[in-house]
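Colleague: sequence and predicted model, in that order:
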Amino acid sequence: MWAYDPARGWSNPEQVGPDEGVYVYAKEPCTITLEGEPAEFTSKELKKGWNVISVGNISLEEVRGNCRIASKVWELKEGEWVVHGLDEVLDGRKGYWIMVEDDCRLERNVHPPFPEFG
């Protein structure tokens, strides 16, 4: 299993966090079972450049936070690149590549409550 972090490069993690995307290399077709509870995405720090992320079953637009995203959302699927829009709902079981212009933080976009009028 491989994970990518723009500050550290590629690594072989023993555990995968709820906001991390990973790649699994297999020499032949196989089935892999991952155990754990689905996590609710809250936030993730990104570094300038390409990042591998997983944000749950929501769109990247919903968790843009203060990030200036410089690309579409890229997914490596069966050896081919698939491009997704920022407003497409992503699959929380998958990792996706995005490029950001600066260090930033993905987080749920929470709108302030409407003012109460009396």
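Modeller: Great, that's in hand.
Colleague: so where's the protein uncertain?
Modeller: 37-39, 109-118 (pLDDT under 70).
Colleague: which residues touch the nearest residue to residue 88 once chain neighbours are set aside?
Modeller: Spatially, and ignoring its direct neighbours in sequence, residue 88 is nearest to residue 59 (5.8 Å; C-beta to C-beta, 6 or more residues apart in numbering). All C-beta spots, glycine's among them, are computed from the backbone N, C-alpha and C. Neighbouring residues of residue 59 by C-beta atoms under 8 Å, 6 or more residues apart in numbering: 86-90.
Colleague: so what sits opposite residue 59 in the bridge?
Modeller: For residue 59, the beta-bridge partners are residue 89 (DSSP bridges).
Colleague: ditto for residue 83
Modeller: Using DSSP bridges, the bridge partners assigned to residue 83 are residue 74.
Colleague: circling back: want to throw the contacts of residue 59 into a markdown table with distance to residue 70 and neighbour count?
Modeller: A markdown table is the format used below for these (distance: C-beta to C-beta, whole Å; neighbours: other C-beta atoms under 10 Å):
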| residue | distance to residue 70 | neighbour count |
| --- | --- | --- |
| 86 | 11 | 15 |
| 87 | 16 | 10 |
| 88 | 17 | 14 |
| 89 | 21 | 14 |
| 90 | 18 | 22 |
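Colleague: for the chain, what spans make up the strands?
Modeller: With DSSP state E, the ranges of strands along the chain come out as 2-5, 9-11, 22-23, 43-46, 49-53, 73-77, 80-84, 96-100, 104-107.
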